[in-house]
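S.K.: here is a sequence with its predicted model. Questions after.
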Amino acid sequence: MRTSTPVSPSVSADRWAALGALALGYVMILVDATALSVVTVRLMEGLRTDVRSVLWVSSAYLLAFAVPMLVCGRLGDRFGHRRMYLLGLSVFLVASLACGFAPTIGALVALRVVQGFGAALMTPQVMAIITLVFPMESRGAALGVWGSITGIATLAGPLLGGVLSDVASWRWVFWLNVPLGIVGIVMTLRFVPGSTVTARRLDLPGAALSAVAVFGLVYGLQEVGGNGALPWLTLGVGAIVAAAFLAGQRRRGDGALVPLRLFRIRSFAASSGVNVLAGAWVTAYVFPATLYAQQQHGVSPGGAAFLLAPTALVSALLAPRVGRSLRRRDPRGLLSAGLAVCAVGLGIFVAVIAAGLAAAWLMVPSAVVGVGSAMMWGPMSLLATSELPRDLVGAGSGVFNTTRQVGSAFGAAAVATVLAHGSPAGALALAALVCLAALAASFRLRRS
């Protein structure tokens, strides 16, 4: 076994510069995941295709993002987190440039797969690098800033997509990544330190099984309600392969792709469970709320997105303050309080829609959810990483990010099923129930 001692930034300013470098790449991932949601018509016109084909532009990206996440987290442990982040950023940059020149819908979907793989390489390294670079006393503040950046990027994606498609072309959604990606590479080389490298073999059989399992679960959940029995068959295969994968991981011990001793760390295991449910309700509440504004009050898609903007804006303003407060506050209590506030906000959404109030009233519960979100994401990430041993930081980051992706797929499938047989109020009530389940799960952290 060969190890190299991790290099830490010499001064605090270097740590924050490293966070800025990572933020630039992560913002591109989030913007590209959401920006195309408002340019569907432009894509259909420009590439002369139908709406189902255009939906695969986003689905292909999200699948390629979620499926290799476990493997990519472990690659950071094996080859170095900065090295894998730079590789992922380079792949993402080149794929973005090519996406902008895509001549057909088939080419665009294929290139989005490559782009999603680059995003998967980058994402688990981000949490790992933050964990390694920031000591515990300042990690909460760093994660608070990170939560603020995430909120701003989530809001900026649809707005940027709409503006670029109006004044130029949907292709600029991708081309804008090129100069940003180059700056991100330069900043990463300058400010982000290297990390421990362990010379151990990658669990290739586990990597293959995990990819099949995650694909089966995520694709099956995405497609439930359509395509007949195929999604259910895919879900069943994914569940069976997942069981085989976990059995194999138990036999491989610490050489496994997902060492099961991760789940003996109570703070990590409980945080990951909360993360699944959080990913589900966050995904489940947006679509029924915007659907209500458009169907019942004739609001445009851009206007409907604007009504939910307070969530991102309030979260972006409060998250850094919450992060700084983690030096003196128990993150477990903040996480539970944040989930409780989010549940209240979702309940207000249900009340607004059930009463048939004007669409502008949606901004009130949106702001309440923003307050709760600011109190939720930073503490949950801090708890997930607080007790991880250094050699499992990459694996833990991969697992934690994968749980959110699986939860998001579950939330999307659940809300689609409810909307097919019910109303936006019913779908939002389901989101509120899932949020309450996340609140109940957070109490396991309070007992740890």
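M.R.: Thanks, I have it.
S.K.: contacts and neighbour counts: CA atoms only from here.
M.R.: Fine.
S.K.: now do Trp175 against Val27, distance only.
M.R.: Distance, Trp175 to Val27, using CA to CA, to the nearest Å: 14 Å.
S.K.: kindly apply the preceding question to Val183 instead.
M.R.: Counting by CA to CA - Val183 and Val27 are separated by 13 Å.
S.K.: so between these two, which is more surrounded?
M.R.: Val27 (21 against 14; other CA atoms under 10 Å).
S.K.: nearest spatial neighbour of that one, chain-adjacent residues omitted?
M.R.: Counting by CA to CA, 6 or more residues apart in numbering, Val27 lies nearest to Ala153, which is 5.6 Å off, once chain neighbours are set aside.
S.K.: what pLDDT is listed against the one you found?
M.R.: Note for Ala153: predicted pLDDT of 76.
S.K.: what of Leu176?
M.R.: Listed pLDDT for Leu176 reads 88.
S.K.: can you check the one 5 residues further on too?
M.R.: Model confidence at Gly181, given as pLDDT, is 91.
S.K.: neighbours around it, how many?
M.R.: Gly181 has 22 nearby residues by other CA under 10 Å.
S.K.: same deal with the one 3 residues further on?
M.R.: Neighbour count of Gly184, defined by other CA under 10 Å: 23.
S.K.: wait, it touches Val27, no?
M.R.: No. With contact defined as CA atoms under 8 Å, Gly184 does not count as touching Val27 (10.6 Å).
S.K.: quick check: neighbours shared by these two?
M.R.: Contact with both Gly184 and Val27 is made by no residue, according to CA atoms under 8 Å, 6 or more residues apart in numbering.
S.K.: and Leu19, how close does it get to Val371?
M.R.: Taking CA to CA, one finds Leu19 at 23 Å from Val371.
S.K.: let me fix that: Asp330
M.R.: From Asp330 to Val371 the distance is 18 Å (CA to CA).
S.K.: comparing those two, which residue is more hemmed in?
M.R.: Val371 (26 against 13).
S.K.: please name every helix or strand in contact with the helix or strand encompassing that one.
M.R.: Assignment of secondary structure by DSSP states H and E places Val371 within helix 363-385. Applying 3 or more CA pairs under 8 Å, 6 or more residues apart in numbering; DSSP states H and E, we find helix 363-385 packed against helix 136-167, helix 266-297, helix 309-325, helix 331-354, helix 393-421.
S.K.: which one of those lies closest to Leu70?
M.R.: Closest to Leu70 of those, according to CA to CA: helix 393-421, at 4.6 Å.
S.K.: state the mean pLDDT of the closest one.
M.R.: pLDDT averaged over helix 393-421 gives 84.
S.K.: now for it, which elements pack on it?
M.R.: Using 3+ CA pairs under 8 Å, 6+ apart, helix 393-421 sits against helix 51-66, helix 69-79, helix 105-133, helix 204-223, helix 266-297, helix 363-385, helix 424-447.
S.K.: one more time with 7 Å
M.R.: Contact here means 3 or more CA pairs under 7 Å, 6 or more residues apart in numbering; DSSP states H and E; on that basis helix 393-421 packs against helix 69-79, helix 105-133, helix 204-223, helix 266-297, helix 424-447.
S.K.: looking at those helices, which one is packed in the most?
M.R.: Greatest average neighbour count among the helices and strands packed on helix 393-421 goes to helix 69-79 (a mean of 27), per mean count of other CA atoms under 10 Å.
S.K.: quick one: name whatever helix or strand follows that helix.
M.R.: According to DSSP H and E, the helix or strand after helix 69-79 is helix 81-100.
S.K.: can you pull the buried residues of that next one?
M.R.: By 16 or more other CA atoms under 10 Å, the buried positions in helix 81-100 come out as 81-100.
S.K.: so where's the stretch 101-250 of the chain shaky on pLDDT?
M.R.: Along the stretch 101-250 of the chain, the parts satisfying pLDDT under 70 run over 151, 155, 162, 195-200, 225-227.
S.K.: what do you get if the cut-off is 50, keeping everything else the same?
M.R.: 199 (pLDDT under 50).
S.K.: how about the nearest residue to Val214, chain neighbours excluded?
M.R.: Sequence neighbours aside, Val67 is the residue nearest to Val214 in space, at 5.3 Å (criterion: CA to CA, 6+ apart).
S.K.: quick one on the thing from earlier: how about the helices and strands packed on helix 393-421, which one is nearest Trp56?
M.R.: Each of these has some distance to Trp56 by CA to CA; the shortest is helix 105-133, at 6.6 Å.
S.K.: packing partners of that closest one?
M.R.: Judged by 3+ CA pairs under 7 Å, 6+ apart, the packing partners of helix 105-133 are helix 12-34, helix 51-66, helix 69-79, helix 81-100, helix 393-421.
S.K.: quickly, which of those helices bottoms out on average pLDDT?
M.R.: Looking at these, the lowest mean pLDDT belongs to helix 51-66 (a mean of 80).
S.K.: list the buried residues for that helix?
M.R.: Judged by neighbour count using 16+ other CA under 10 Å, the buried positions of helix 51-66 are 54, 56-66.
S.K.: show me which of these is closest to Gln115.
M.R.: Distance to Gln115, by CA to CA, is smallest for Tyr61 among these, at 6.8 Å.
S.K.: ok, the closest one to Val186 distance?
M.R.: In this view, Tyr61 and Val186 are 26 Å apart by CA to CA.
S.K.: what is the burial count for Leu180?
M.R.: With other CA under 10 Å as criterion, Leu180 counts 15.
S.K.: start the count at 35, not 1, going forward
M.R.: Yes, from this point I'll number from 35; that puts the last item at Leu214.
S.K.: list phi and psi for it.
M.R.: As for Leu214, its main-chain torsions (degrees, to the nearest 10) stand at phi -60, psi -40.
S.K.: help me confirm that the residue nearest to Val248 comes into contact with Ala245.
M.R.: Yes. Counting by CA atoms under 7 Å, Val101 touches Ala245, with 5.3 Å between them.
S.K.: which secondary structure state is assigned to Gly337?
M.R.: Under DSSP: H, G, I helix; E, B strand; the rest coil, Gly337 falls in the helix class.
S.K.: any idea how far Val65 is from it?
M.R.: 18 Å.
S.K.: likewise Pro344?
M.R.: Applying CA to CA, the value for Pro344 to Val65 is 17 Å.
S.K.: ok, Val308 next?
M.R.: Taken as CA to CA, the span from Val308 to Val65 is 25 Å.
S.K.: before we move on, what about Leu311?
M.R.: From Leu311 over to Val65 the distance is 23 Å, taken as CA to CA.
S.K.: same check, this time on Arg478
M.R.: With the distance defined as CA to CA, Arg478 ends up 34 Å from Val65.
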